[in-house]
Structures are given as C-alpha cells and as structure tokens.
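Peer 1: How does the following fold in three dimensions:
(chains A and B)
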Amino acid sequence: MTDYGAFAAGPLFGLPLPELWFALVFAILGTFLFLDGFDFGAGALFATREDDEERETILAAIGPFWDGNEVWLVVFGGALFAAFPAVYANLFSRNYLLLFGVLAALILRGLAPEMYEQRHDAAWQRWWGRSFVVGSVLTPFLLGVFTANWLTGSGALLTPVGVAVGSTLVALTVVSGAAFLRVKTAGSLREGVRRAGERALVAYLGLVVVTLGLLSLSTPRLAAAVTAPAVLALVATSVGLGVGYVAALRTGRDLLALVASGLLTYGLVAVVAFLLFPLVDPGTGLSVSEAIVAPLALNIMSVASAFLLPLVVTYFVVLYSAFSGPVRPTESY
Amino acid sequence: MVDPVIASRVQFALTTIVHIIFPVMSMGLAPFLVYFTWMEVRGGEAVYEQLRRFWTKIFAVSFVVGTVTGIVLEFEFGTNFAAFSTFAGELFGGPLATEGMMAFMLEATFLGIFVFGRERVSDRLYFVSSLAVAAGTWLSAVWILIANSWMQLPRGYELVERGGQTVVHLTDPIAAYLNPRFMFMYVHMQNAAVESVALFMAGVAAYHIFKHYVWGYSVQEVDFWEKTLKIAIVALLITAPLQVLHGDMYARHVHETQPQKFAAMEAVWETDSYVPEYLVAFPTSLDDITNPRAKELFGLGIPGGASWLASGGDPQATIRGLNDFDTEAPPVAIVFWSFRAMVGLGFWFILLAFWGGYRWWRGELLEDGLLHKALMGSSLLGIVAVELGWVVTEVGRQPWVVQGVLKTADGVSPGLTGTEATITLAGFVLAYASLLALYSYVVARIIRAGPPGTEELRTFATEADDPVAGVPGDD
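Peer 2: Numbers count the residues shown, from 1 in each chain, chains lettered A, B, ... in the order given. Below is the predicted model of the structure:
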C-alpha cells in the first residue's frame, strides 16, 4: 500500500481546512442562491407580466443560464457530502419530505422553459407558465424552510420561523430577479420590474428583522447568536446595500443593482453560517471539527477544488460574456 | 404503509432506471454533435448544420430532464440512504462532489452557448463549446462510475469507529479510485451509450426513409434522413461488435471479483465444473414459478459454456455455486433473464449493423423495407439493453450495497418512517411516469417536425448576404 505520509496525517500546510470547508460550503450555497436566485426571481416576476412577448423574453433571458446556475445546488450537496458526510446524511434524512418538495419544485421550474416553447397554443403555455411560476417561488421558499430547520435543529415540515426564512428568500430572489431582468431586457418590461424590485427589497429587509426575531425565540443558542456583532454588522450592511440597490435602479445602473443583490445574498448566507458556527448541525450537535471528514480525504478534496473551482468560475465568465447585454430575438427557445 | 426499507429500495431503483435514459441519450449524442459541429464550422455540406440543429434539440430536452432527475439521485443518498452515506461518505462523497465541479459544471455552462449561442460566438468558440459539452457528459460518467465501481469492488479503505459508528476510512485513494472494475464499466457504458443512440438515430431515420421510398409518401428533407441512417450504421458497425467482445472480458472479470453475482447470472446453485451455459432455464415445479430463487431448474444450454465463459476458454473450469455463499442469493431469475436478454440484444445489434452495412454496400439501403422495419423496432432496444445491463450489475450484487461490507437494508436512513417513504414513493411513480410520457411526447414532436428546411439554414444566409457572420458578438 502506498504511504501517504504527511498528506494523510493532518490538514495540508497546517491550514484550518475544516473551517475553510465550512465557509466554502456556504459560499457555494450563496452562489447558488444568487445565480439561480435571479432565475427564480425572474420566474416570480413572470407571473406579474401579462404580455406574451414579455413572457417569452423572460424565458429567453434565463434560457442559457439557469441550468448552469442550478448545478451550484448539486455542487453544494456534493461538497457537504464530501466534507461533512454525517451532516449531509443526518440533515437530508431529517428533512425528508421537505427536500422532496424542493426536488419537485425544481422539476416544475426546470421543465417549464424548455416545454413552454414546444407548442404555441394558449392552454399549453398557460400551464407551463404556471409550472414555471410555482416552481420558481416554491424552490426558494422550501429551501428557506430547510435552512430554518438546519439552524434550529428541527425536522418539522412547517414552523413560523420556517415560513419567515422561506419568505425572506423568496423576497430576495425577486430583488435579484428584477435587477437581472433589467440588465437583460429593454422597454416596458425593463420599466415594469423596477417597482417590483424596490418593493421586494423593502419586504426583504423587513422579513430579515422578523426572521432574526423569531430565530432568537426558537432556541437559547440562537437567542445569543443573533445579537453577535458579526450578525448585527451584516444586517446593517444589508440596509446600506439595499439603499444602494434602489439608487442604482433609479439611475439606470442595473448591473450595479444586480451586484448589490448578489452581495445581499452572500450576506444572508453569511448570517446563516455565523448563526451555526462552531456547530455545523445543531440537530445532532455536531461541530465543524467533529463532523469534518478525515485528513486524507479532506486534503484530496481541497487540492481538487483548488484546481476545479477557478475553472468553473472561468466557464461562467465565458458563458455570461457570450450572452452579455439584452436578449436578442434569435435566442428564444 | 410500505416498509421504509423496501420503499427506499424501490424508489432508488425507479430513480436510477428512469434517470439513466437521459445520460445515455446525452453521452451517446455527444460525439455525434461534436462531429456535426466540426463539419459545419469547417464549411461542410448544409446537411451537417441540419444534423447539428436537429439532434441538439433532442440533446437539450434530454439534458434538462437528466438534470432534474439527476439531482434527485444525489439527494436520495442523504434522504433515503443516510446510514450508507454516513458509513461510506468519506470515500463516496469525494467523487460525487468532483463530478459536480469537474463535469456537470462544464456541461451545463457550455450547453447554454451550444444551444442558444450560435449567433453570439465565433465558430471557434462554438466548436469548443460542443467539445466542452461532450467532455462534460463523458467526465460525468467517469466520476459516477468511479464511485459505483468502488461499491462493486471496495478497496483502499479500513473500517474504523467514529462517533460510535463503524465507518469506512479511506487509507489508499489510488487503490480505491483507480479500481480495476472502473475501466470495464466505463468502456461498456460509454460504448453502450453511443450504440444506443446510433440505434435510435437509425430507427428514426429508417421510419422517414421507409415512409418515402417504400410507402411512397413524400417526406421533406429525405436526404437528411439518408445521411442520418448512414452515419448511424457506421457507428453501429463499430460499437456493436466491440460491445459483445468487451462484454465477454467484463463477464470474466465479474467471475473473478464478484463470484456470487456471476453465479446468479448463470443460475448456478451447486459448485461444479463443466457448467452449461443455459439459454433458458425454468423451475421444475410449478409452485416455484414465481420464486426468483427457485433451486430446482430445468435448462437447455451449451455444455460447459458457462465454465468456458468464466475462465476464458476452459469448459472444465469450476464455478462456485450460490449455495456456497454465506449471504442469501440475489433474486436469481431477474439477474439470469436480464443477462440473457441483454446478451441476446447485443448479438441482434451486430446482425442489424451488418445487415444495414451490406445493403448500403449493395446500394439497396433505401429499398429494403424489412431492414427499415427491423431498425424501427430496434430504435429503443439499445436503451432497453442498457437498463438490463444495469439490472444485472445492481440486482446481481444484492444483498450488498457495498459488496461484502454493507448490506443495502442496513444502509437505509434509520429515522425514515413508513408514511414518509410511502408518500414519496407514490409521488415518484406519478411524477416519473409523467416525466417519461412528457419526454416521449416532446421527442416525438421534434422527430415529426424534422430538421430545419434548407431555406432556414445559416450556411446559406452567410454565403448570400453576410460575409462576416460568425465573428464574435458586437456588443
């Protein structure tokens, strides 16, 4: 048998790999919630647009992107499995029905853009339009409920705090969805989604406060955690980013608004990570250092990710630059 | 309420049986799409643009359905097989995470360009996108099969106590991940995917050609279908013989490394030499007709055939029978018949390939109505053969989820209730049946609509009025 020496003995270069992987898992989750978040938001905003051409433009806007964006959820699952296998197993089996709800919602959302254009009769498009909206709203909502359960250690289907986190996520996806659609479209659609984005932002900030309040009432550990300086600082930053978002929308700097919504998303995920740490799964009481996979497997995954993740970022840069600017008529399904 | 262990096993089986159809379509189509794109950007005949556009539509639908069903699969390790995930996560999680980062990401991002971006990017980047998509689909299979081959042939680990549970501890990643089983599985699977898609293409093309030349209806773009059929026959002539030859080596490897599975494939209960290769076998008692583990069998076969197969040429070779294993045998009848049906189909595909090749050589490809009918009837049989092969692989290793180390029943989530499992199982049957129906409906529509007409092609538009089309976007 090969001797792996220091590679198997402890974390590579003495790096704090358990903590880095904890951060990485949440960074991946944040990337999913931002990138696929604006797809979900576009899906929610689809419901507010009546015009056929506008609806097709929304689908064309997310067309080349959503599948790649959704893969971040797969990578989140994979990274959690690889780095914290016991957490992946416990968390996923504890939230059994909830996760199948997420999967069902993702199926509805994923099929819709592809199916919508297959036939051009009204009934077909009405149903796939509904599938698109329901899937796009339900996915972030249920993921929010899942996140609440992760934080509180509960395995319940629906709790007040679950509804609060779910609604917070839905509002956030509409915030980024509106900015995304403004970047990708022109004319009445671009004008129309601005107000929706602003309202969603106000709702989002309000819901964050409600959510943190409910979380502090749920477990003693969370009651202490929500008033931690890092959490309060992130909330304050979010308010600042919100003001920036509105200002950017009103002055037509849509890309800047999209960036602000992205930062809001990473900020929210950072709050979740802070509320958990040093635990990684309050449901089983496992801490980051207890749940982390053994050094050899961890080192291999760290080296692989250090090579692969920058490559993945390159793919996304190529994809988004190929489709920069508003949707063109040739790009519909 | 269904027992959660049974429900989880059935649900996982259903998920994989349905899911594998879509990767087979995308992995099998990938090399064809690279070829079509290459010929198109090199300024080849207009038919290559038609081929690329037509088969990309089917690829895109397959990919979307493959994505949504694939995520389900990944989640089910956690939701339904939490005990397995905790037990084997240290070894098993890595390949899954790597698959996501290395393969799925590559495929999903460049597919956006490949499907929507023909007018947005240069010919060069467009061709690179087709390569990236193809590489993504094939790399995906690498990591999934690395994970699966370890479950068939676990190596490079030791069992340790962790948090009060026995878990797998990775000690030798090279032994674990560069598993001898992997290459057998990978070659067999990838070749099967190309062969299945070639059969599908041939069947679809034969339908249009039959309609036009034999029935006498006028089919639009009939030259396109002729080209499709010829390309499919070439692919079949390569893949069909290779599949059977390689399958023989694979079976010998299974005999060496998973003797219990091999015994089930051949329905050998008593250890013996000069074991016949049964073509068919039935329980001798009518009472046993529904018992997949019936031991008293009457069979017709080739004397010494199974021994000859197992040893690679020695009809006297000994095969260890199922009675000589400590664990209960897998449901032998399922494994036995799936194996026979798969092998039978494998030989049928060789016959089809040479039949088509011969008619083509004689210049009679478009007239042989019987060949067209045979190809139409076989268009989905490649996928059927893949399913049968996976049944042999996965049912054949039962009761083990990790061969010889962890039983499938012990891998199920301990907290899962019968109610939860029943709800999702019912949901699954419903959702996956609808998904399959929807997929078939959409693919059938695409096939009926046929390729884009020559007047729509950019090959002509670029020649006529836009000499610089194909350079990068202007924004």
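Peer 1: quick one: low-confidence parts of the stretch 201-333 of chain A?
Peer 2: Scanning the stretch 201-333 of chain A for pLDDT under 70 picks out A:329-333.
Peer 1: after the helix or strand containing A:Ile58, next one along is what?
Peer 2: Remark: A:Ile58 resides in helix A:52-62, with elements defined by DSSP states H and E. Per DSSP H and E, the first helix or strand lying C-terminal to helix A:52-62 is helix A:66-83.
Peer 1: List the buried residues in stretch A:126-146.
Peer 2: Neighbour-count burial for stretch A:126-146, with 16 or more other C-beta atoms under 10 Å in any protein chain shown as criterion, is recorded at A:128-129, A:131-146. (Each C-beta comes from the backbone N, C-alpha and C, glycine too.)
Peer 1: can you check stretch B:143-158 too?
Peer 2: Using 16+ other C-beta under 10 Å as the test for burial, stretch B:143-158 gives B:143-157.
Peer 1: Mind listing residues that contact that stretch?
Peer 2: The contact list for stretch B:143-158 (C-beta atoms under 8 Å, 6 or more residues apart in numbering or on different chains) reads B:88, B:91-92, B:95-96, B:98-99, B:102-103, B:168-177, B:179-182, B:185-186, B:189, B:257-258, B:393, B:397, B:401-405.
Peer 1: In strands, which of those appear?
Peer 2: Residues of the contacts of stretch B:143-158 located in strands (DSSP state E): B:Val168, B:His169, B:Leu170, B:Val401, B:Val402.
Peer 1: Against chain A, which of those residues make the cut? List them.
Peer 2: Filtering those for proximity to chain A (criterion: C-beta under 8 Å from any C-beta of the partner chain) leaves B:His169, B:Leu170.
Peer 1: so what's the backbone phi/psi at the residue of the stretch 351-475 of chain B at minimum distance from chain A?
Peer 2: Nearest residue of the stretch 351-475 of chain B to chain A (C-beta to the nearest C-beta) works out as B:Ser413 at 3.8 Å. B:Ser413 adopts backbone torsions of phi -60, psi 130, taken as degrees, to the nearest 10.
Peer 1: Could you tell me which residues make contact with it?
Peer 2: A:Ala89, A:Ser93, A:Tyr96, B:Pro4, B:Ser8, B:Thr79, B:Asn80, B:Phe81, B:Ala82, B:Ala83.
Peer 1: Equivalent analysis for B:Phe84, please.
Peer 2: Residues in contact with B:Phe84, defined by C-beta under 8 Å, 6+ apart, are B:Phe77, B:Val401, B:Val402, B:Leu406, B:Gly411, B:Val412.
Peer 1: Just the helices from the stretch 1-150 of chain B, written as ranges.
Peer 2: B:4-19, B:21-41, B:46-79, B:82-98, B:105-116, B:123-152 (DSSP state H, counting those that start in this stretch).
Peer 1: any chance of these in a markdown table, with mean pLDDT too?
Peer 2: Supplementary listing: the helices of the stretch 1-150 of chain B in a markdown table, determined by pLDDT from 0 to 100:
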| stretch | mean pLDDT |
| --- | --- |
| helix B:4-19 | 93 |
| helix B:21-41 | 96 |
| helix B:46-79 | 91 |
| helix B:82-98 | 92 |
| helix B:105-116 | 93 |
| helix B:123-152 | 95 |
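Peer 1: Need those in CSV (columns: distance to A:Glu54).
Peer 2: Conversion of those to CSV gives the following (distance: least, C-beta to C-beta, whole Å):
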stretch, distance to A:Glu54
helix B:4-19, 35
helix B:21-41, 31
helix B:46-79, 23
helix B:82-98, 39
helix B:105-116, 19
helix B:123-152, 29
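Peer 1: what about the helices in the stretch 301-450 of chain B?
Peer 2: Applying DSSP H, counting those that start in this stretch to the stretch 301-450 of chain B gives helices spanning B:305-311, B:332-361, B:369-377, B:381-395, B:418-449.
Peer 1: try the stretch 51-200 of chain A
Peer 2: With DSSP H, counting those that start in this stretch as the criterion, the stretch 51-200 of chain A has helices spanning A:52-62, A:66-83, A:85-94, A:96-116, A:122-152, A:160-184, A:187-218.
Peer 1: nearest to B:Ala60, of these?
Peer 2: For B:Ala60, the closest of these is helix A:96-116, at 6.9 Å, according to C-beta to C-beta.
Peer 1: Need the mean per-residue confidence for that closest one.
Peer 2: The average of the pLDDT scores along helix A:96-116 is 92.
Peer 1: Point out the other helices and strands that that helix packs with.
Peer 2: The contact analysis (3 or more C-beta pairs under 8 Å, 6 or more residues apart in numbering or on different chains; DSSP states H and E) places helix A:96-116 against helix A:17-46, helix A:52-62, helix A:66-83, helix A:122-152, helix B:46-79, helix B:418-449.
Peer 1: could I get those helices as JSON lines with distance to A:Ala6?
Peer 2: Below are those laid out as JSON lines (distance: least, C-beta to C-beta, whole Å):
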{"stretch": "helix A:17-46", "distance to A:Ala6": "14"}
{"stretch": "helix A:52-62", "distance to A:Ala6": "47"}
{"stretch": "helix A:66-83", "distance to A:Ala6": "20"}
{"stretch": "helix A:122-152", "distance to A:Ala6": "34"}
{"stretch": "helix B:46-79", "distance to A:Ala6": "31"}
{"stretch": "helix B:418-449", "distance to A:Ala6": "45"}
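Peer 1: Next, the angle helix A:187-218 makes with whichever strand or helix holds A:Leu255.
Peer 2: Assigned by DSSP H and E, A:Leu255 belongs to helix A:254-276. Angle, helix A:254-276 to helix A:187-218, by axes from the mean of the first three to the mean of the last three C-alpha atoms, to 10 degrees: 10 degrees.
Peer 1: where does the stretch 301-450 of chain B come near chain A, residue by residue?
Peer 2: So the stretch 301-450 of chain B meets chain A at B:413-416, B:420, B:423-424, B:427, B:431, B:435, B:438, B:442, B:445 (C-beta under 8 Å from any C-beta).
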